[in-house]
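Enquirer: output the structure for:
(chains A and B)
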Amino acid sequence: MRKVLIAVALMLALAVPASAQKLNLDFPELAERADEVVDVTLDATMLKLAAKFFSGRDPDERAIRDMINGLQGIYVRSYEFKSAGAYDARLIDRVKSQLGPNWKPLVTVRSRTKDNVNIMADLRGENIVGLVIIAAEPREFTVVNIVGNIDIDRLAQLQGEFGIPRIMKDKDDDDE
Amino acid sequence: MMNKRLAVALLFATVIAAPLYADFASVARAIDAQHGVKRIWIPFLGLARVAVRMVQPEGVHDFQLVTFEGTDKVDPHELQRILRTHAGAGFTPLVQAWSRRSNEWSFIYARPRPDANRLELMILAHDDEDTVLVRVDVDANVVAREIREKPRHVEHLARR
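Expert: Here you go, the predicted model:
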């Protein structure tokens, strides 16, 4: 009987897919205080629609389309304030506190006066099934949550799309 | 007599060609019910709608539009709540953006159409001067392009 139970438990564990984690990105108190707020919600249905309209001929667009096809959602919350220090810097910890044990930091940039960037990934084996980008500037706070299978090599191509801020440096920027 | 028949036929065609949407009407009614708010009548809007349904400019297949005045005293959060609760089944928030600096508020809800290449957008744009409610049935590629390039300004699509 125990063997059957263990077998059933094992089967259930294997059958449950590595579901990506959607975070709670609603900060009503921040929205109240912010001068400008942008909130973009692209769920799986919307992303499927959007993916159709990236050209299959252009290699850059094809890469974005392929990436979008594996996603379940893109959620962007961006808050801009009139003056520096208008929001509590502990907000970053509030976002991080929602992350489960699978989440690992990919990029951490710390500055007292400029941008603070945290990129964390939900790692399941070798796969990334979720990503959170927290960009905290003195007058701006942006959180992006990408849910679904993410190809890290193609991730840079999503910046600047759908309200996702440009965080990673392009090669062209280095050349200038 | 001929003119009268033509007018009746045109009116009939307008009514047949331009179906009413309960979701849109429900949102419009709820805004209209706010204290001090008055709906502005726009002449020939019905005909414009028929023309849009025939010509389909910029991938727009149909639209409905209502403009309100006297909304400067209405809390924009209340407008946001109205759209959230009255937009109807299938509508989900796509872009919500506002600026206290310019006092411009835009709430955009979307619902995929059954043919999967089109979207229905319910857009509520509010500023100091007026409040505009638009329902637009549009090719999804037009929306995708606007959101990709300038998510903050996607409401301009409806304003156009």
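Enquirer: now the spatially most central residue of chain A: phi and psi?
Expert: Closest to where the C-alpha atoms of chain A average out (CA atoms, centre = their mean) is residue A:145, at 2.9 Å. Backbone torsions for residue A:145, taken as degrees, to the nearest 10, come to phi -120, psi 120.
Enquirer: contact partners for it?
Expert: A:22-23, A:25, A:73-75, A:130-132 (CB atoms under 8 Å, 6 or more residues apart in numbering or on different chains). The C-beta positions use only the backbone N, C-alpha and C, and glycine is treated the same way.
Enquirer: who in chain A is up against chain B?
Expert: Within reach of chain B by CB under 8 Å from any CB of the partner chain, chain A has these residues: A:34-43, A:45-46, A:49-50, A:52-53, A:76, A:82, A:161-163.
Enquirer: what comes up buried for stretch A:46-59?
Expert: A:46-54 (16 or more other CB atoms under 10 Å in any protein chain shown).
Enquirer: residue A:147 and residue A:129: what is the separation?
Expert: Using CB to CB, to the nearest Å, residue A:147 is found at 8 Å from residue A:129.
Enquirer: okay, helices next: where are they in the chain?
Expert: Using chain A here. A:2-15, A:28-33, A:44-51, A:59-69, A:91-96, A:171-175 (DSSP state H).
Enquirer: ah, I was thinking of chain B
Expert: Applying DSSP H to chain B gives helices spanning B:2-17, B:22-32, B:45-55, B:76-86, B:140-149, B:155-159.
Enquirer: counting by contacts, list what the fourth one packs against.
Expert: Identification of packing neighbours for helix B:76-86 by 3 or more CB pairs under 8 Å, 6 or more residues apart in numbering or on different chains; DSSP states H and E yields helix B:22-32, strand B:92-99, strand B:104-112, strand B:118-126.
Enquirer: turn those into JSON lines, including distance to residue B:78, mean pLDDT and mean neighbour count.
Expert: Shown next, in JSON lines, are those (distance: least, CB to CB, whole Å; pLDDT from 0 to 100; neighbours: other CB atoms under 10 Å in any protein chain shown):
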{"stretch": "helix B:22-32", "distance to residue B:78": "9", "mean pLDDT": "91", "mean neighbour count": "17"}
{"stretch": "strand B:92-99", "distance to residue B:78": "13", "mean pLDDT": "91", "mean neighbour count": "21"}
{"stretch": "strand B:104-112", "distance to residue B:78": "11", "mean pLDDT": "91", "mean neighbour count": "23"}
{"stretch": "strand B:118-126", "distance to residue B:78": "10", "mean pLDDT": "91", "mean neighbour count": "23"}
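Enquirer: quick one: closest of those to residue A:61.
Expert: For residue A:61, the closest of the helices and strands packed on helix B:76-86 is strand B:118-126, at 19.7 Å, according to CB to CB.
Enquirer: now do the closest one against helix B:76-86: the angle between them, please.
Expert: Angle, strand B:118-126 to helix B:76-86, by axes from the mean of the first three to the mean of the last three CA atoms, to 10 degrees: 150 degrees.
Enquirer: where in chain B is pLDDT low?
Expert: B:1-21, B:116, B:144, B:146-160 (pLDDT under 70).
Enquirer: just want the most central residue of it.
Expert: residue B:134 (0.9 Å).
Enquirer: pretty sure that one contacts residue B:63?
Expert: Yes - counting by CB atoms under 8 Å, residue B:63 is a contact partner of residue B:134 at 6.3 Å.
Enquirer: what segments of chain A are strands?
Expert: A:36-43, A:71-80, A:103-109, A:116-124, A:127-137, A:140-150 (DSSP state E).
Enquirer: mind putting those strands in a markdown table, mean pLDDT and distance to residue B:115 included?
Expert: A markdown table is the format used below for the strands of chain A (pLDDT from 0 to 100; distance: least, CB to CB, whole Å):
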| stretch | mean pLDDT | distance to residue B:115 |
| --- | --- | --- |
| strand A:36-43 | 91 | 19 |
| strand A:71-80 | 92 | 23 |
| strand A:103-109 | 90 | 39 |
| strand A:116-124 | 91 | 35 |
| strand A:127-137 | 91 | 31 |
| strand A:140-150 | 91 | 25 |
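Enquirer: can I get those in a markdown table with distance to residue B:67?
Expert: A markdown table is the format used below for the strands of chain A (distance: least, CB to CB, whole Å):
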| stretch | distance to residue B:67 |
| --- | --- |
| strand A:36-43 | 24 |
| strand A:71-80 | 28 |
| strand A:103-109 | 46 |
| strand A:116-124 | 42 |
| strand A:127-137 | 37 |
| strand A:140-150 | 33 |
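Enquirer: which one of those lies closest to residue B:47?
Expert: Distance to residue B:47, taken as CB to CB, is lowest for strand A:36-43 among these, at 35.0 Å.
Enquirer: can you give me the angle that closest one makes with strand B:104-112?
Expert: Using the same axes, to 10 degrees, strand A:36-43 lies at 0 degrees relative to strand B:104-112.
Enquirer: sheet-wise, list the partners of strand A:36-43 with their directions.
Expert: The strands beside strand A:36-43 in its sheet (DSSP bridges) come out as strand A:71-80 (antiparallel), strand B:92-99 (antiparallel).
Enquirer: want to throw these into a markdown table with distance to residue B:23?
Expert: Shown next, in a markdown table, are the strands paired with strand A:36-43 (distance: least, CB to CB, whole Å):
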| stretch | distance to residue B:23 |
| --- | --- |
| strand A:71-80 | 24 |
| strand B:92-99 | 13 |
